[in-house]
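Peer 1: 3D model of this:
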Amino acid sequence: MEVHFYSFSKRENSTKQPTGQYTNVNVTLKEPTSVTDPVLVLTGNHLTDYTYAHIPSFNRYYFVGESVSIATDLTQLTLHEDYLATHKGAIGSTKAMILRSSTGYNVWIPDEEVYVSTQKTEVRTVDDVHVGFAKTPGCYLLSVINEDGCATGFACQYFTDASGLNMLANQLMNSSFIQDVMKYSSNLSAGIVSLKWMPFDLPTSDFVTLSNYKVSNLELNSAGYKITGNAYYLDGETSITIPWRTDKDYRESAPYTMAKLLVPMYGFVELNTADLVGTSSLVIQYRVDRSTGDVIVIINKGAVGNVVQTIQFNVAVEVPVATLTRNIGGAVSAISGGVNSAIGIAAGNYIGGATGLISAAAGFALSANGRSVSLKGSLQGKAATAYGDQFQLFLYVPHTLDPTNADFIATKGRPCHYVDTLSNHSGFIRCADASVDGAMFDTEKSKLNSYLNSGFYLE
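Peer 2: Model prediction:
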């Protein structure tokens, strides 16, 4: 029989078949031999001449195994079937679940072959827009009860700044004013609902007018910007670019990439990057009620209406209102003053001028006039303004092996996870529960199935 010998190098788990020149040797079988692992005796010294063989009559390809010199001018060669090259046609026509392949893969399927390092890189985008609800130095909102009321409800509300509060405090501390208060009111504190610091620019138009304060049934000479209209909402919309990594594949999604949005006056919001894949930007809408400090933020992906998350919080900060007492003729009367040590109007300053006028009863005012503030997130109060008035988007990107590298794809393939005919692919392929069908021995089929399900190269 004819045996075609080659000096041909190939990997064991490949279907590649030799081409080109070969040495044709006629061999006479004098003893029975295995078809899959034949043993041949050749005349001459052929210990290192050949690496590969094809026996047309057996219709099989072989790796040349051990070469043994058995006598002068006689060489014994042991051949081992190259199962993948021999049955390349049957393999190509097999339809199977393909787990990985060097071709036809899906870059958005997570790859278990790629390690994820604990080392991460942080990338950040800072929005160009400055929001209107994180302003410094901010302003103050005084809510009082009087006969006017206002558009936001029964209470009347006045906006002012720190110097306006100083003027108000000076009037409340004036001795002649206190005399007037005692004539008309036994408890002015009942007329003051709350005093809040707001991180907004002081509104001087639109929905406010400059008016004298009215507390209960008393009108003061000092003035604040009184809410008179109903346009007290502050609306805004902005778009912030997502600083994606350059790899456009599954690593953009969680848990390979984590995203956090820093919302001014609120803190970090965790975003699921799986919801953002394929999106280049976030569109952020917000509405602020300047009469209460309530803020609603809506986070959209790509365009308005594609909502991924909503946030509601409050940016108002309660300012304590102290209680004043004075003994006149043995009688004790309580009045209220806009005293706030946080803005530099210390009660002690007045005590130095008229000892005994102010009591240490600020705790009463806090318990009686305090209002709950709903603040969520990691930032709160005036200190939160230090973190700026812009949305900031942070991406935390772990370091990984690069699955887009050509050598990696050629050697390991990338995930497919679908059923297909193997001949539609090339390079590395790994299947699940594949079974080859064809004219072959059971041992050959078992070997082929093992290759297909552990990984081989279709070449």
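Peer 1: who is the residue nearest the centre of the chain paired with across the strands?
Peer 2: In the chain, the centroid-proximal residue (C-alpha atoms, centre = their mean) is residue 259; its distance is 2.0 Å. Here residue 259 sits in beta bridges with residue 271, residue 395, going by DSSP bridges.
Peer 1: phi, psi of the residue lying farthest from the centre of the chain?
Peer 2: What lies farthest from the middle of the chain is residue 72; by C-alpha atoms, centre = their mean that is 75.2 Å. Here is the backbone geometry of residue 72 (degrees, to the nearest 10): phi -60, psi 120.
Peer 1: same check, this time on residue 215
Peer 2: Per degrees, to the nearest 10, the backbone of residue 215 is at phi -120, psi 120.
Peer 1: what's the first-to-last distance across stretch 385-393?
Peer 2: Using C-alpha to C-alpha, to the nearest Å, one end of stretch 385-393 lies 17 Å from the other.
Peer 1: pull out the buried residues from it.
Peer 2: 385, 387, 388, 389, 390, 391, 392, 393 (16 or more other C-beta atoms under 10 Å). Yep, even glycine has a C-beta here, placed from its N, CA and C like the rest.
Peer 1: so what's the fourth one up against?
Peer 2: What it means is residue 389. 130, 131, 132, 133, 134, 135, 264 (C-beta atoms under 8 Å, 6 or more residues apart in numbering).
Peer 1: picking that back up, can you give me the pLDDT of the residue nearest to the centre of the chain?
Peer 2: On pLDDT, residue 259 comes in at 92.
Peer 1: and it, how far is that from residue 270?
Peer 2: According to C-beta to C-beta, to the nearest Å, residue 259 stands 8 Å off from residue 270.
Peer 1: what about stretch 28-47, average pLDDT?
Peer 2: Here the average pLDDT along stretch 28-47 is 86.
Peer 1: give the buried residues for it.
Peer 2: Buried, per 16+ other C-beta under 10 Å, within stretch 28-47: 36, 38, 40, 41, 42, 46.
Peer 1: element containing the last one, please.
Peer 2: With secondary structure defined by DSSP states H and E, residue 46 is part of neither a helix nor a strand.
Peer 1: that one contacts residue 74, doesn't it?
Peer 2: No: with contact defined as C-beta atoms under 8 Å, residue 46 does not count as touching residue 74 (9.5 Å).
Peer 1: stretch 75-82: how far from the chain's middle?
Peer 2: With C-alpha atoms, centre = their mean, to the nearest Å as the basis, stretch 75-82 stands 59 Å off its chain's centre.
Peer 1: buried stuff in it?
Peer 2: 75, 76, 77, 78, 79, 80, 81, 82.
Peer 1: helix, strand or coil: sort out the first one for me.
Peer 2: Residue 75 carries the three-state label strand when classified by DSSP: H, G, I helix; E, B strand; the rest coil.
Peer 1: which residues touch residue 12?
Peer 2: Residue 12 sits in contact with 63, 82, where contact means C-beta under 8 Å, 6+ apart.
Peer 1: against residue 239, how distant is it?
Peer 2: For residue 12, the distance to residue 239 - C-beta to C-beta - is 55 Å.
Peer 1: do residue 298 as well
Peer 2: In terms of C-beta to C-beta, residue 298 sits 13 Å off from residue 239.
Peer 1: list the residues that contact both of these two?
Peer 2: residue 284.
Peer 1: correct me if wrong: residue 281 contacts residue 242.
Peer 2: Yes: under the criterion of C-beta under 8 Å, residue 281 makes contact with residue 242 at 5.9 Å.
Peer 1: for those two, indicate the residue with more neighbours.
Peer 2: residue 242 (20 against 17; other C-beta atoms under 10 Å).
Peer 1: can you pull the contacts of that one?
Peer 2: Residue 242 makes contact with 125, 259, 276, 279, 280, 281, 282, 393, 395 under the criterion C-beta under 8 Å, 6+ apart.
Peer 1: dihedrals phi and psi, the closest residue to the third one other than its chain neighbours?
Peer 2: Looking back up the chat, that one is residue 276. Spatial nearest neighbour of residue 276, chain neighbours left out: residue 301 (5.5 Å); criterion: C-beta to C-beta, 6 or more residues apart in numbering. Main-chain dihedrals, residue 301, degrees, to the nearest 10: phi -100, psi 120.
Peer 1: now residue 301: how far from residue 275?
Peer 2: In terms of C-beta to C-beta, residue 301 sits 7 Å off from residue 275.
Peer 1: any residues in contact with both of these two?
Peer 2: With C-beta under 8 Å, 6+ apart as the test, residue 301 and residue 275 both reach residue 308.
Peer 1: show me which of those two is the more surrounded one.
Peer 2: More crowded of residue 301 and residue 275, by other C-beta under 10 Å: residue 301, with 20 against 15.
Peer 1: confirm for me that residue 65 is in contact with residue 80.
Peer 2: Yes: between residue 65 and residue 80 there is a contact under C-beta under 8 Å: 5.1 Å.
Peer 1: circling back to that earlier point, of all the contacts of residue 389, which comes closest to residue 247?
Peer 2: Closest approach to residue 247 among these (C-beta to C-beta): residue 264, at 30.7 Å.
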